[in-house]
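Participant: What would the 3D arrangement of this be:
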Amino acid sequence: MKSINSFRLRCSQALIAAMLFVVAGVVLADPPGRVARLAYLGGEVSFAPAGEDAWFDAHLNRPLVHGDRLWTGRNGRVELQLGGAVARLDRNTGFEFLNLDDELAQIQLTEGTINLRVDYIHPGQIYEIDTPTLAFVVSQPGEYRLDVSGNADMTQVTVFDGAAEVYGEYGRSQRVFANSSTRFFDPGLRDVERVAMPRADEFDRWAFARNDRYLRSPSRQYVSEELIGYADLDEYGSWRHVADYGHVWFPRRVAAGWAPYRDGHWSWIEPWGWTWVDNAPWGFAPFHYGRWVYVSSGWGWLPGPRNVRPVYAPALVAFVGGSNWSVTVTSGPPIGWFPLGPRDVYVPWYRSSRDYFGRVNVHNTTIINNTYVTNIYNDYYVQGRPLRRDFTFRGAANAMTVVPRDSFVSAQNAAEAMARSRLRPAQLGDAELLTRAPVAPTRDSLVAGASRNIAPPARSFERGVIARTRPAEPVAPFNVRQSAIVRNGGEPLAADQMRRVNAENAKPRSRNIAVVGQPGGDTSRAPAAAAGQGTPAPAARGTPGSTGEQVRAPAATPGATEPRSRGLPASENARSRAADTSRATPQAQPEQGVPLPRTRAPAGNERQGAPVTRDQRTPGTVAPAARERTAAPARGIAPTAPQTAPRTTTTVREAPATRSTPSAPPAQRSTPAPAARSAPASAPRAAPAPAPRSAAPSAPVRSAPAQEPRSRSAPEPERPAAPARGNSSDRTDSRGRDRARQER
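Facilitator: From the prediction side, this is the model:
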């Protein structure tokens with residue numbers, strides 16, 4: 001009888017373990033599979049990590065996450081790579097990620113200029129930019145520019161390629177199409193001016209040049225074009241075919257004794273925790289994707305499969321340390337790590353599901369398979385067995401980096417700390433193989449370097465914005481999160497823990513975010529007036545301080561289930577610009593015309609849930625040629641602010657130089673793809689250009705006249721027919737046109 005009961009007990013325990021194993025992939029909330037990389041920094045750029053008020057110098061290759069903020073000062077410029085999209089910021093721009101995960105990239109733009117290039121839209125994926133006067137949601141892959149005036153009373157939306165929806169208060173929305181530029185002066189989308197496509201300025205030309213790097217990149221032959229940082233590999237290394245591995249990338253001009261994960265520092269970035277930030281200009285893709293190999297006395301990087309969506313990892317390494325070191329330093333036992341080889345399984349030091357464990361491994365190496373990865377997961381997570389010791393570089397002294405614990409925690413350069421401490425990998429002895437770095441973060445772990453004195457104007461991040469999607473909860477200050485991390489044994493907080501900490505301790509937002517788009521009428525809050533603005537923002541509707549936010553998810557992306565390829569954009573001729581004319585920035589003249597950007601596009605890899613790519617879109621309707629300035633009609637909800645005379649609708653326009661049709665056909669990629677559709681006709685035009693409007697002597701709130709909206713029509717510009725886009729077995733690459741335009 002006793003043996004029977006014992007047998008039943010063992011069966012019950014096995015059943016419970018099996019059930020936990022099965023539901024693990026459902027219960028655990030996985031970290032995102034993508035981040036945003038700081039890929040270019042120019043001029044004055046300040047960075048504030050999520051939950052913090054202090055501003056720091058921004059660092060190249062830093063991964064950005066939800067809650068991170070950027071400010072570009074005088075002559076500042078930034079490029080952010082998101083995997084399938086690129087965002088570029090011009091000077092005097094206030095930027096924050098309100099949401100960033102695999103499905104949603106939600107950006108807050110309170111001031112300045114952004115160029116957003118979207119090459120892929122996966123099913124259910126959303127790109128959204130929220131400004132003081134509107135919420136902008138991308139409908140199709142394309143290229144877009146938004147300019148927010150310095151006093152935040154105007155947002156200009158320029159669409160070079162693609163299509164998007166613009167959302168405002170009271171359930172209003174407008175669709176904007178390729179080859180159009182529109183100014184929006186109020187959150188109700190009733191004070192609108194359609195203007196001629198602006199000429200390129202210095203920011204545009206810089207963006208075109210950056211796009212051209214993707215066109216010329218040989219690395220596209222070997223990696224997924226959604227892999228962040230691939231274009232930087234070409235200038236700093238070369239590809240070679242290696243037996244047993246395939247194509248391997250080898251860096252050039254590395255220091256003697258160099259090893260992967262040595263020239264850089266560790267930062268604490270949630271939800272992953274300890275994250276490697278490399279110093280090399282090419283140092284993103286090889287340290288967050290793939291594996292490293294050692295071939296012919298040199299290190300080479302082996303990427304993951306080209307035909308799958310990449311999965312970001314904070315660092316593909318294994319840690320060593322513990323009490324068995326043959327040396328110690330004054331700060332305690334040192335911490336060491338080494339890169340993973342092509343057959344090594346990455347074991348995350350943060351909580352994740354079985355599904356994530358499989359994807360982050362199988363999508364980052366071509367050598368190991370699902371069965372092997374599953375066995376490791378079962379051994380470590382289910383059975384609680386220690387990690388295997390047979391890692392490729394476990395005993396290789398030239399692969400190991402060792403630093404004092406204090407240097408690790410305080411985000412110091414690892415190579416310099418290793419040299420100063422005179423620690424040698426040969427001193428490893430029987431160092432224990434660790435599942436994670438055995439140390440909790442401090443405030444110094446957030447960012448390398450001291451605080452920066454250059455902070456943005458206070459008004460920039462105090463302004464309210466219009467949003468289509470409810471933003472994620474604000475992030476709690478680090479000192480609160482740090483206490484929870486220490487209580488958690490130094491491990492990163494799980495998603496449910498982080499939500500609870502943020503909900504209980506996050507600082508309330510200093511501005512309103514009005515979530516719009518509710519069916520049957522909008523009852524959301526409008527942004528409050530920003531402190532210190534020259535012109536007050538539109539007055540809040542409804543009772544001050546009331547939330548009134550009703551959320552509806554953005555509409556599904558049209559055609560999102562169809563794979564797409566690139567080709568001739570509808571706005572090709574519109575983006576072929578004459579010589580630059582002098583123009584002020586939006587900060588100097590907020591109501592002046594706005595410029596444009598260029599094109600980048602990726603290969604149509606086969607994926608689970610095929611993404612929408614640049615040229616299998618439903619042909620977009622070209623914006624009307626007539627430039628109309630519509631006065632605001634009577635509002636359905638009376639504003640609470642005093643009413644004054646409406647804004648004058650008179651504009652003065654002068655004709656820009658005529659744009660010419662490109663003389664050469666667009667470059668074509670050799671990769672086969674679905675045939676491109678015919679593009680809507682779009683050709684050069686001689687159109688009157690908007691000139692600066694006379695500024696009002698004061699900043700009154702615009703009132704709604706009772707009469708019907710009036711429109712002012714500019715002369716109809718001539719539109720010579722553009723060459724029809726033909727079908728081809730080769731995918732047309734829009735980036736070739738960028739280069740051709742630059743050469744002209």
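
Participant: how close does the nearest residue to P260 once chain neighbours are set aside get to F284?
Facilitator: Nearest non-adjacent residue to P260, counting by Cβ to Cβ, 6 or more residues apart in numbering: P339, 4.3 Å away. In short, each C-beta sits where N, CA and C put it, glycine included. To F284, P339 is 15 Å away according to Cβ to Cβ, to the nearest Å.

Participant: one step back: and the residue nearest to P260, how many neighbours does it have?
Facilitator: 28 (other Cβ atoms under 10 Å).

Participant: Please apply the same query to K507.
Facilitator: Number of residues near K507 (other Cβ under 10 Å) recorded here: 11.

Participant: just to revisit the earlier point, what residues are up against the residue nearest to P260?
Facilitator: P339 is in contact with A259, P260, Y261, R291, W292, L316, V317, F393, A399, counting by Cβ atoms under 8 Å, 6 or more residues apart in numbering.

Participant: Mind checking which of those land in strands?
Facilitator: The strands, defined by DSSP state E, take in R291, W292, V317 from these.

Participant: Please tell me I have it right and the first one contacts N364.
Facilitator: The reference is to R291. Yes. Between R291 and N364 there is a contact under Cβ atoms under 8 Å: 6.9 Å.

Participant: and for these two, which residues touch both?
Facilitator: Joint contacts of R291 and N364 (Cβ under 8 Å, 6+ apart) are L316.

Participant: Rounded mean pLDDT for the strand of greatest length in the chain, please.
Facilitator: The longest strand of the chain (DSSP E) is strand 104-118. Taken as a whole, strand 104-118 has a mean pLDDT of 97.

Participant: if we can go back for a sec, format the contacts of P339 as CSV; extra columns: distance to V159, pLDDT and neighbour count.
Facilitator: CSV is the format used below for the contacts of P339 (distance: Cβ to Cβ, whole Å; pLDDT from 0 to 100; neighbours: other Cβ atoms under 10 Å):
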residue, distance to V159, pLDDT, neighbour count
A259, 47, 96, 23
P260, 42, 98, 29
Y261, 42, 98, 23
R291, 41, 98, 28
W292, 42, 98, 25
L316, 39, 98, 24
V317, 43, 97, 26
F393, 49, 92, 21
A399, 49, 93, 23
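
Participant: which residues of this structure fall in helices?
Facilitator: With DSSP state H, the ranges of helices along the chain come out as 2-27, 202-216, 233-236, 285-288, 354-362, 370-377, 405-409, 414-421, 478-487, 495-505, 734-743.

Participant: which stretches of the chain have low pLDDT?
Facilitator: Residue ranges of the chain with pLDDT under 70: 1-28, 323-332, 423-430, 450-453, 509-511, 517-610, 612-744.

Participant: which residue packs closest to P271, ignoring adjacent ones?
Facilitator: P31 (4.6 Å).

Participant: What distance do you get for that neighbour to Y312?
Facilitator: 8 Å.

Participant: more crowded one of the two?
Facilitator: Neighbour totals were compared for P31 and Y312, and P31 leads with 27 against 23 (other Cβ under 10 Å).

Participant: Show the contacting residues for that one.
Facilitator: Counted by Cβ under 8 Å, 6+ apart, P31 has contacts P271, W272, Y350, S352, Y356, A495.

Participant: The third one against P271, yeah?
Facilitator: In other words, Y350. Yes. Counting by Cβ under 8 Å, Y350 does reach P271; the two are 6.2 Å apart.

Participant: Pull up the overlap in contacts between the two.
Facilitator: P31, P492.

Participant: For stretch 338-349, buried residues please.
Facilitator: For stretch 338-349, a neighbour-count test (16 or more other Cβ atoms under 10 Å) marks F338, P339, L340, G341, P342, D344, V345, Y346, V347, P348, W349 as buried.

Participant: Tell me which two in those residues are the farthest apart.
Facilitator: Farthest-apart pair in those is P342 and W349; separation 20.7 Å (Cβ to Cβ).

Participant: burial count for L434?
Facilitator: 17.

Participant: what's the closest non-adjacent residue to it?
Facilitator: Counting by Cβ to Cβ, 6+ apart, the residue nearest L434 is F319, at 4.2 Å.

Participant: Check the gap between the one you found and E226 for me.
Facilitator: Separation of F319 from E226 (Cβ to Cβ): 29 Å.

Participant: So L104 sits against H122, correct?
Facilitator: No. Counting by Cβ under 8 Å, L104 does not reach H122; the two are 11.1 Å apart.

Participant: How many residues are close by D161?
Facilitator: Using other Cβ under 10 Å, D161 has 34 neighbouring residues.

Participant: Please apply the same query to F287.
Facilitator: Look at F287: counted by other Cβ under 10 Å, it has 26 neighbours.

Participant: what do you get for R487?
Facilitator: Here the number of neighbours of R487 (other Cβ under 10 Å) works out to 11.

Participant: was I right about V409 contacting S445?
Facilitator: Yes. Shown here, V409 and S445 form a contact pair, counting by Cβ under 8 Å, at 5.6 Å.

Participant: tell me, how many neighbours does Q221 end up with?
Facilitator: So Q221, with other Cβ under 10 Å, has 12 neighbours.

Participant: residue contacts, it?
Facilitator: Contacts of Q221 by Cβ under 8 Å, 6+ apart are W239, H247.

Participant: and the spatially closest residue to V447 that is not a sequence neighbour, how many neighbours does it have?
Facilitator: Nearest residue to V447, sequence neighbours excluded (Cβ to Cβ, 6+ apart): F56, at 4.4 Å. Using other Cβ under 10 Å, the number of residues around F56 comes to 18.

Participant: Show me the beta-bridge partners of F56.
Facilitator: Beta-bridge pairing for F56 (DSSP bridges): F47, S451.

Participant: Against V311, how distant is it?
Facilitator: F56 is 28 Å from V311, by Cβ to Cβ.

Participant: and if you look at D147?
Facilitator: For D147 relative to V311 (Cβ to Cβ), the value is 35 Å.
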